[in-house]
Structure formats: structure tokens, C-alpha cells
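Student: Based on what follows, work out the 3D shape:
(one chain, ligands or ions: 1)
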Amino acid sequence: MELKILQSADEVARQAALFIADLIKENVAKKGFFTLAISGGRTPWEMIKILAQENLPWEKVYLFQVDERIAPEGNPERNLTQLFTTIQGTRLMTRLNIFPMRVIAENLEEACEEYASHIQEVTRNGKLDLIHLGLGSDGHTASLVPGDAVCEVADRDVALTTSPYQGRQRMTLTYPLINRAEKILWLLTGEEKTEMLQRLLNAGQEIPAGRVSQNQALIFADEPAAKNLIQ
Ligand SMILES: O=C1O[C@H](COP(=O)(O)O)[C@@H](O)[C@H](O)[C@H]1O
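Tutor: Residues are numbered from 1 along each chain as shown. Reported below is the predicted structural model:
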């Protein structure tokens, strides 16, 4: 796994946006489209704001969610609400193909299956071109949360947590789908990520993030997150 240490959170966002922009150009030129899954939390929004300024073939980009809270439409805790707030008024709002997780469905198990089918259809081979991941200070990533049976799902690409996590049940991409992605991009900023960054680099199997494939992964971390690694 490659690690890039950058001076600040702003620089992490900028470099990540440039990295994604290059991948979009490359994939659209090669196969005509690009598939991407974005996490929620704190880190992706600045990167997305920068990306939105790029003149890219957005109509050919298909954006999926990595995870979502089971909560009503427009709920401020939802990752989709934050995404829409971030891209409001930008070209991404009208041109990007966004696939929201249907967390308001009556039958959530069916909604998981349907989401997995959409990913299969759009990607054609079941492999997303890029998955962006964050890392919680308890070692969770996506909504693969410590101690939840969702971490053991091996036969489905999208699943539900068995219990609420930070107050809400969640829908999440599972390890099989995440680990099949062509590329995985971790964004880690802030001092509170220092210990988990170390464990992620050691592929510590005791934290959910440590079980994500490292072969195709790249980490952009800022100096506070990587402070133990800087001499
Ligand atoms: O709950 C969540 O948190 C993680 C970590 O977020 P971050 O604040 O470190 O960016 C995030 O990856 C996940 O999608 C989100 O639902």
C-alpha cells in the first residue's frame, strides 16, 4: 500500500481531487465511463468541492455511496444530504449520475440487493474503478463497524449493520465488493487518526479497516495524522 504524507488537510483534498480527475480522464478515454464510490464522514467534501471545479466528462461518471444511515430523506446525518449540500449549484448536481442507497425502502434487505445489482450492471464486471474510504477513530471504515456481524458478510456486496451504530442502523458496501475495486483511496486527516493509521499500515485484523485489501490501495494522510511516521 502506498502512503503519501501531505502538509495539510487542504493539500490532502487537493491531491486526492487531482488523483481522481486523472483516473476519470484515463478511464473515460479507455472504456467510456468511470465508476466511483464515495464515503461520508468528514473528509470527502473538500475534495469533492475541488473536483467540481474541474471540466471533466461528468455525464460519464457513475457515483455510488459507500455507506448510508437508515434515516429519512434530507436528514442532516445522512451522507447523501452532505453530498448534495456540497455539490449544490455545481455542474456535478446536474451532470453526474448519482445512485443513492435506498435507505427509506420498506424492505431494506431488498434495497441492498437492488443496490448491488445496480453496481453490477453499471460496472459490467462488478468492480468499481475507485472506492474512497475514511477511517474512524475506532477503526471502522464504510459502515463496517467493530463487533458487528456485517463485517462477516462474505456472500453479498451490500448489507445492513445488525445493530445501530452511533444511533443509526447503516447500509454499507461489504468487504467482497470493496476488496474487488480496481483502486482504493484512503483519506486520513487530523491527529485523532494517528493510532489507526499505524494499525491500518500494519493491516491489523482486529480493526475493520485492517481487513481491507492493500494491494490496490493508496493513502493520502496529512502531517498531523502521520505524525508518528515523520522523523
Ligand atoms: O461514519 C462514517 O465515518 C467514516 C469515517 O469518516 P471520516 O470522518 O474519517 O471522514 C466514513 O468513512 C463513513 O463513510 C461514515 O459513514
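
Student: Every contact and neighbour count from this point should use C-alpha atoms.
Tutor: Fine.

Student: residues touching the nearest residue to residue 137 once chain neighbours are set aside, list them.
Tutor: Leaving out its chain neighbours, the residue that sits closest to residue 137 by CA to CA, 6 or more residues apart in numbering is residue 193, at 5.9 Å. By CA atoms under 8 Å, 6 or more residues apart in numbering, residue 193 lies in contact with 135, 136, 137, 225.

Student: secondary structure element for residue 112?
Tutor: Assessed by DSSP states H and E, residue 112 sits inside helix 108-123.

Student: shouldn't residue 216 be in contact with residue 182?
Tutor: Yes. The pair residue 216 / residue 182 is scored as a contact, 6.6 Å apart, by CA atoms under 8 Å.

Student: can you give me the strands in this protein?
Tutor: With strands called from DSSP state E, the chain shows them at 2-6, 34-38, 61-65, 67-69, 97-99, 130-133, 158-160, 170-173, 183-188, 217-222.

Student: Turn these into CSV, columns for mean neighbour count.
Tutor: Putting the strands of the chain into CSV (neighbours: other CA atoms under 10 Å) gives the following:
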stretch, mean neighbour count
strand 2-6, 16
strand 34-38, 24
strand 61-65, 22
strand 67-69, 27
strand 97-99, 16
strand 130-133, 26
strand 158-160, 27
strand 170-173, 26
strand 183-188, 24
strand 217-222, 23
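
Student: Which residue is the nearest non-sequential neighbour of residue 207?
Tutor: residue 139 (5.0 Å).

Student: List phi and psi for that neighbour.
Tutor: phi 90, psi 0 (degrees, to the nearest 10).

Student: Next: residue 33.
Tutor: The phi/psi pair for residue 33 (degrees, to the nearest 10) is phi -160, psi 170.

Student: Spit out the contact partners of it.
Tutor: By CA under 8 Å, 6+ apart, the residues touching residue 33 are 24, 27, 60, 61, 62.

Student: Next, work out how far apart the residue nearest to residue 21 when sequence neighbours are not counted and the ligand are.
Tutor: Here the nearest residue to residue 21 in space, its sequence neighbours aside, is residue 51; by CA to CA, 6+ apart that works out to 7.0 Å. Residue 51 sits 17 Å away from the ligand, going by CA to the nearest ligand atom, to the nearest Å.

Student: could I get the helix or strand bottoming out on mean pLDDT in the chain in PDB with only the CA atoms?
Tutor: One helix or strand of the chain scores below all others by mean pLDDT, DSSP states H and E: helix 91-95, with a mean of 92. What follows is helix 91-95, C-alpha atoms only, in PDB (Å, rounded to 0.1, in the frame of the first residue of the first chain):
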ATOM      1  CA  ARG A  91     -22.100  21.100 -12.600                       C
ATOM      2  CA  LEU A  92     -21.900  17.800 -10.600                       C
ATOM      3  CA  MET A  93     -25.500  18.300  -9.500                       C
ATOM      4  CA  THR A  94     -26.900  18.200 -13.000                       C
ATOM      5  CA  ARG A  95     -24.400  16.100 -14.900                       C
END
